[in-house]
Every structure is written in structure tokens, then in C-alpha cells.
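Peer 1: Starting from these lines, generate the structure:
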Amino acid sequence: MPDPTGASRASAVAVPTGNTYDKYATTNPIERRLMRGFLAALDHALPEAAPLRVLEVGLGEGEVARRLARRWPAADITGLDLPDAELAAHWQGGPFAALFGDVGHLPFADATFDLVLAVEVLEHVPDPPLALSELARVARRDLVLTVPREPVWRVANLARGKYIPALGNTPGHVNHWSKAAFAELVGRHVDVHTVRSPFPWTVVGARAR
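Peer 2: Next up is the predicted model:
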């Protein structure tokens, strides 16, 4: 695995980040049911043809990348996230290469990856069109993009008594899209073919142009 701590790889742009709650490891039965729906929609958006090279922007703890590695064990998977030594500790021994970087300035050549994913990323970035243009640039074939579905996400937070002073907005969420608005934004950069809305997310499958 490449050393993720190299200064040349660190993002020079301060990008807001959200809470660090690990929804993949939750033991709450309601949250586990929601995650099953989310992961089913994510699986549905993935391409049928096995990719040779995969990029996940917003690697997090690496749960999605590990899921992809189980599905496609021969794929070359790269993950990228913001500089965070604690986060990088989760990457040790993972079935992927990992590095620090910024979605607005991806350190890859055009059309490098057969599959590009950004799972719960774009709600955090200060310039979504720039991020989407970069994701589209490095994609050779397929893309899968997910964001919280608004205003459903904030209403759900309020219903469980979370982030009430912020009207249910999760810390670090600086962009908010309905299902239709997000699909329209993504469609400006790539060809959208699948839009699903597992509560409370939007999951988009697309193809590079």
C-alpha cells in the first residue's frame, strides 16, 4: 500500500468534513435495516462488467472498498481521502492502495479508472461542480455517486433528536440536494442511467461520456 502520509499528496484545500459516526458498524436494528437498503441500492448501481481499475474518493474507513474487493477480487482498487492519520490507520492491510488527496484536484490522468465512486462525499465539498468534473475526467466507464436525500435527511435527524440547533443538518454538510436536483447536477457531467432513493439517500449510477 502506498504511504498515505506524503506531503506531496496532501490536499492544499480545506474541505469541510462531517461527523465520524461509523454507520457500517452500527448495532442499532433500525439503522442496520436502513444500511441494508442503502447497500442494496449501491450494489444495483454497480456495473455488471467487472472493472479492472477502481477509484473510491472518500475512502473513509474502507468499508465500501472492501465490499468491492470481495465482489471483484481481481480489481486494482485505489482509495483517496483527506489527510487524517487516525483514518489512515484503518487502511493498513486493506485490499486497496490508499493515499491522501482532494477531490477537486485528483492526482490521476484522464480516463484512468473503469469505475469511480464517491459515496457520501459531495455533500461535504465546497465546489461540487469542480469535484464532479474531476470525477468525470478520471472515469473511463462507470461512476456511482451517493448523497443524503434532502430534506428527508434533516427531517430524519430532527425526528431522532439530532442536530436540533442546526435544524437537523449533519455537521459538515454544506450542500443539500433532492433526488431530482442531484440527478440533474450529475447529468451535467456524465450520463445518468440509474437513480435510486433508499431512505434517506440518493444513489446515482452513471457512465462517462
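
Peer 1: Centre of the chain to the lengthiest strand in the chain, how far?
Peer 2: In the chain, with assignment by DSSP state E, the single longest strand is strand 139-148. Centre-to-centre, strand 139-148 and its host chain are 8 Å apart (Cα atoms, centre = their mean, to the nearest Å).

Peer 1: Just want the most central residue of this protein.
Peer 2: residue 119 (1.7 Å; Cα atoms, centre = their mean).

Peer 1: Between its first and last residues, how far does stretch 158-171 reach?
Peer 2: Separation of the first and last residues of stretch 158-171 by Cα to Cα, to the nearest Å is 13 Å.

Peer 1: Please identify the pairing partners of the longest strand of the chain and their relative orientation?
Peer 2: Within its sheet, and counting by DSSP bridges, strand 139-148 is paired with strand 113-119 (parallel), strand 201-207 (antiparallel).

Peer 1: Residues touching it, excluding its own?
Peer 2: With Cβ atoms under 8 Å, 6 or more residues apart in numbering as the test, strand 139-148 has contacts from 38, 42, 45-47, 49, 51, 53, 111-123, 135-136, 170, 173, 175-177, 182, 186, 190, 200-208. Any C-beta I mention is one placed from the backbone N, CA and C, and that applies to glycine too.

Peer 1: Now the buried members of the residues you listed.
Peer 2: Neighbour-count burial (16 or more other Cβ atoms under 10 Å) applied to these gives 38, 42, 45-46, 51, 53, 113-123, 135-136, 170, 173, 175-177, 182, 186, 190, 200-206, 208.

Peer 1: any chance you could map the helices in the protein?
Peer 2: 29-45, 63-71, 85-88, 128-138, 152-159, 179-187 (DSSP state H).

Peer 1: For the shortest one, name the packing helices and strands.
Peer 2: The helices and strands touching helix 85-88, judged by 3 or more Cβ pairs under 8 Å, 6 or more residues apart in numbering; DSSP states H and E, number zero.

Peer 1: Please repeat the previous calculation with a cut-off of 10 Å.
Peer 2: strand 97-100 (3 or more Cβ pairs under 10 Å, 6 or more residues apart in numbering; DSSP states H and E).

Peer 1: Kindly report the same for the first one.
Peer 2: The criterion is 3+ Cβ pairs under 10 Å, 6+ apart, and the helices and strands that helix 29-45 contacts are helix 63-71, strand 113-119, strand 139-148, strand 191-196, strand 201-207.

Peer 1: make it 6 Å
Peer 2: Counting contacts by 3 or more Cβ pairs under 6 Å, 6 or more residues apart in numbering; DSSP states H and E, helix 29-45 is packed against strand 201-207.

Peer 1: tell me the angle the strand it packs on makes with helix 29-45.
Peer 2: 10 degrees (axes from the mean of the first three to the mean of the last three Cα atoms, to 10 degrees).

Peer 1: Buried residues, stretch 98-110. List them.
Peer 2: For stretch 98-110, burial by neighbour count (16+ other Cβ under 10 Å) applies to 98, 99, 100, 101, 102, 103, 104, 106, 108.
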